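[1] Need coordinates for the following:
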Amino acid sequence: MTEAEFKTLQLELAAQTPAPWRPGGDRPLVAGCFVCFERGGRGPGRQGERGWAAAALMRGKRGLQATAVVRGEARWHYEPGLLALREGPLLEAAVRALPEQPEVLIAGASGRDHPRGAGLALHLGALLDLPSLGITDRPLLAEGPQPGPGRGSTSPLLLEGREVARRLRTRAGARPVVVHPGWRTDLDTAVTVTVRSTRRARTPEPLRRARKAARDARAR
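    Got it, this is the predicted structure:
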């Protein structure tokens, strides 16, 4: 589709209110997905460059169930707010390559903190019909204070007066991550899944495992 059509689709996704999802237990089946592209390219990212996407399926913080890696090309140049055009097809393929469908999906992307309210984490969940959330190092547009120093401390991130994401300190003394609710998840659920999926690293374990798998594939 054209860029204009895609932006219209994002607005339509943002306006939808699907039934909220809640974890059925303390250890839901969680998948993390991550994509990386070839090194040494010109500029921030061009259409057609090679990419490697991985998905890691885990139950709890240690229970790795499966990993899937796919290769392909970027479908779009890098442009903030349009990452679903660039990265979405590769991430979708990696999640679909898992031997079992997860209960919830974690992507390295934003959700409601987005110019049209539907970042890649939300878009990918809607496409796959999976509850989803996003984890990033910093907010895209939203603003707010830093959380307290202890593990589990949170602080709100507001966009046009509405809370769209939260900073979360996953490890005491470490830089917080930004937790984005996506498809069928709210702020509290997204934070809960993130805390339960985090071990020693500041990044949730399924997303960290997927990132390592994608980068290892690129290195090979």
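[2] Report the beta-bridge partner residues of V70.
    Here V70 sits in beta bridges with A53, going by DSSP bridges.
[3] Spit out the contact partners of the residue most central in space within the chain.
    By CA atoms, centre = their mean, the chain has its centre lying nearest to A107, at 1.9 Å. When contacts are counted by CB atoms under 8 Å, 6 or more residues apart in numbering, A107 touches 32-34, 91, 120-121, 124-125, 132-135, 182, 207. Quick note: C-beta positions are derived from backbone N, CA and C, even for glycine.
[4] mind showing which ranges of this protein have poor pLDDT?
    41-43 (pLDDT under 70).
[5] One more pass at 90, please.
    Counting by pLDDT under 90, the chain shows low-confidence ranges at 1, 24-27, 39-45, 60-63, 173, 200.
[6] As a check, name the ranges of all helices in it.
    3-15, 83-96, 120-128, 187-196, 205-219 (DSSP state H).
[7] need the ones you listed in CSV with distance to T170, can you?
    CSV is the format used below for the helices of the chain (distance: least, CB to CB, whole Å):
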stretch, distance to T170
helix 3-15, 27
helix 83-96, 22
helix 120-128, 17
helix 187-196, 7
helix 205-219, 10
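[8] Take these and write them to a markdown table, including mean neighbour count and distance to L157.
    Shown next, in a markdown table, are these (neighbours: other CB atoms under 10 Å; distance: least, CB to CB, whole Å):
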| stretch | mean neighbour count | distance to L157 |
| --- | --- | --- |
| helix 3-15 | 14 | 17 |
| helix 83-96 | 23 | 18 |
| helix 120-128 | 26 | 14 |
| helix 187-196 | 20 | 10 |
| helix 205-219 | 21 | 19 |
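[9] re the thing from before, tell me the one among the contacts of A107 nearest to P176.
    Nearest to P176 among the contacts of A107 is I135, at 10.7 Å by CB to CB.
[10] Quick one: neighbours of that closest one, just the number.
    28 (other CB atoms under 10 Å).
[11] Surely it and V177 touch.
    Yes. Contact criterion CB atoms under 8 Å: I135 and V177 qualify, at 5.3 Å.
[12] E143: which of the helices of the chain is closest?
    With respect to E143, and counting by CB to CB, the nearest of the helices of the chain is helix 187-196 at 15.8 Å.
[13] Let's see the closest one as CSV, backbone CA atoms only.
    This file holds the C-alpha atoms of helix 187-196, laid out as CSV (Å, rounded to 0.1, in the frame of the first residue of the first chain):
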residue,chain,number,x,y,z
LEU,A,187,-0.4,-0.3,30.9
ASP,A,188,-0.6,-2.5,34.0
THR,A,189,-0.6,-5.7,32.1
ALA,A,190,2.3,-4.6,29.9
VAL,A,191,4.4,-3.7,33.1
THR,A,192,3.4,-7.0,34.8
VAL,A,193,4.5,-9.2,31.8
THR,A,194,7.8,-7.2,31.5
VAL,A,195,8.6,-7.6,35.2
ARG,A,196,7.8,-11.3,35.2
